[in-house]
Every structure is written in C-alpha cells, then in structure tokens.
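S.K.: with the input below, show me the fold.
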Amino acid sequence: MQTLFARHRVAVYRWLLRLVKEEALAEDLLSEVFLDVWRQAASFEARASVSTWLLAIARYKAFSARRRRTELEWDDDLALSVADPADGPDSVLEKKTRAELVRQCLARLSPEHGEVIDLVYYHEKSVGEVARIVGIPEATVKTRMFYARKKLAELVAGAQHMHLG
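M.R.: Residues are numbered from 1 along each chain as shown. A predicted model of the protein is given here:
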C-alpha cells in the first residue's frame, strides 16, 4: 500500500487539484481515495491499470465534492509552463506565453472536453482507459477528443491572432 501511494500520489493529487481547484480539498480527497483503495483492494479488476482505477476513484470523489460545493469552477492547472533549464531567456518567455495561452484556451473548453484532453495528454491514458475513468463508451471518448481538439485549435488560433494583432 505504501509503494502504491508513493508511486501514484502526485498524479492523483494533480488530477484532484485540477478537478476541485483547491489544495486543501484535493489533499482531503487524496486521503479518501487511498483509504477507499485500501478497503476495496480485493475488488480491483486486473483488466484496468492501477492508475486508471485510482483516477476513476479520484474523479468520483472530486465530482461528489464539487456537487457539494457548486461555486467551484472548472480549472486548468497545467504543467505546460515548466521551463527547460537549457532554454535561453527569450525562449523561456516565449514558451511561458504560449503555455499560458494554451492553458487559457483549455480552460474555455467544456468540462467534458477538458476532461478527456487532460486524461489523454497529461495523464497519458488510452481511449479505453479514459472510457473506464469517465464511465462513457469509447466511441464517445473519440467524439469528444475530435471536437475538443477542433475547438482548442480554433481558440488558440483566435487567441494568437488577438495577441499578435
């Protein structure tokens, strides 16, 4: 259990923080997730990876908490703006500006679209894993990915045009 916690704690915490947008709540939910995992270890289905199972439990906890706290908004706390130490100052600024632009555009996607983008690109989940985490058919995941990418491309292009103009 300790190894499981050590290996997956950070990813599950980041996922929770993205969903609930509040550090203290994310910490509390993280504890609840691992308590549930400890209680439900016998019911773990080997057809899903451990991280998929953990993220699905975390998503359920986060959505339950969000329903209790309706004032919370969808947020995109992305790790895009982390600078490469080999980058020069201009390159760092350009990357941060682009990362911020993409982050702002991601935040404007619907929760359903933002969720699949986050799971695929930032948690590196397959379409099948996303379907299990979110509880929707794989075809729906693919459809949401298609429209999310299209919308994101439009938002980024529009934001870049505004930024440059």
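
S.K.: list the contacts for Leu155?
M.R.: Cys105, Arg108, Leu109 (CB atoms under 8 Å, 6 or more residues apart in numbering). Placement of C-beta: from N, CA and C, glycine included.

S.K.: er, Val130 actually
M.R.: With CB under 8 Å, 6+ apart, Val130 has these contacts: Val116, Leu119, Val120, Val141.

S.K.: try 6 Å this time
M.R.: Val130 makes contacts with Val116, Leu119, Val141, as judged by CB atoms under 6 Å, 6 or more residues apart in numbering.

S.K.: setting aside sequence neighbours, what's the nearest residue to the most centrally placed residue in the chain?
M.R.: Centroid-nearest residue in the chain: Asp118, 3.8 Å away (criterion: CA atoms, centre = their mean). Nearest non-adjacent residue to Asp118, counting by CB to CB, 6 or more residues apart in numbering: Arg18, 6.2 Å away.

S.K.: count of residues packed around that neighbour?
M.R.: By other CB atoms under 10 Å, the residues close to Arg18 number 20.

S.K.: pLDDT weak spots in this protein?
M.R.: 1, 41-48, 67-97, 99, 163-165 (pLDDT under 70).

S.K.: show me where it has its helices.
M.R.: 2-20, 23-40, 50-68, 89-107, 111-117, 127-134, 138-164 (DSSP state H).

S.K.: got the domain ranges for the protein?
M.R.: The chain breaks down into these domains under automatic domain parsing: 2-68, 79-164.

S.K.: tell me how far the last one is from the chain's mean position?
M.R.: Relative to the mean C-alpha coordinate of its chain, domain 79-164 is positioned 10 Å out (CA atoms, centre = their mean, to the nearest Å).

S.K.: repeat that for the shortest one.
M.R.: Average the C-alpha atoms of domain 2-68, do the same for its chain, and the two points are 12 Å apart (CA atoms, centre = their mean).

S.K.: tell me how many other residues crowd His161.
M.R.: 9.

S.K.: before we move on, what about Lys125?
M.R.: Neighbours of Lys125 (other CB under 10 Å): 22.

S.K.: need phi/psi at it.
M.R.: phi -90, psi 150 (degrees, to the nearest 10).

S.K.: when you give positions from now on, start the count at 58
M.R.: Taking 58 as the first residue, the last one we looked at is Lys182.

S.K.: kind regards, and thank you for your time.
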